[in-house]
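S.K.: need coordinates for the following:
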Amino acid sequence: MKASQIPFLVILLILPVLQGCVAVVAAGGAAGGVAYVRGELRTLLEEEVEAVNEAVVEAGDSLGLKRISAEGDRMSGKYVYRNAQDEKITITTTSETSETTELRIRIGLFGDQQKSQFILREIRKEL
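M.R.: Residues are numbered from 1 along each chain as shown. Below is the predicted model:
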């Protein structure tokens, strides 16, 4: 193997790994945008965590998702659902400040950006 071929091979081997690290960021509210990183949708909402937790439950009910577990308190929450395709949907909330909450949505093992954004829109409707 020629020495000039080594950098090319390294790039070919690294490229598939880096592809999953790309974040898609869309314009959002004053609290920040929406990022989709490694199969997980992440956003910061300008709402108290308790209000976001309630909105997650209401959105899950309005979308007809099967609730597997729902745990929330004044600092965080974790909600697990299943959809009609039997995909696991995990939604977590974490209080960043008294008036902002980080929300994360993951669908299945590898994520589904379109479905995650659909669920986020439904949660925002409930706020």
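
S.K.: mind listing the strands for the chain?
M.R.: Assigned by DSSP state E, the strands in the chain fall at 24-29, 32-37, 40-45, 66-72, 76-82, 88-97, 100-107.

S.K.: residue 98: how many residues sit nearby?
M.R.: Neighbours of residue 98 under the rule other Cβ atoms under 10 Å: 9. Bear in mind the C-beta positions are built from the backbone N, C-alpha and C, glycine included.

S.K.: identify the residue spatially nearest to it, adjacent ones excluded.
M.R.: Spatial nearest neighbour of residue 98, excluding adjacent residues (Cβ to Cβ, 6 or more residues apart in numbering): residue 48 at 6.8 Å.

S.K.: now the phi/psi pair for the one you found, please.
M.R.: With angles defined as degrees, to the nearest 10, residue 48 sits at phi -70, psi 150.

S.K.: before we move on, the earlier item: of all the strands of the chain, which one is nearest residue 127?
M.R.: Across these, residue 127 has its closest neighbour in strand 40-45 (7.2 Å, Cβ to Cβ).
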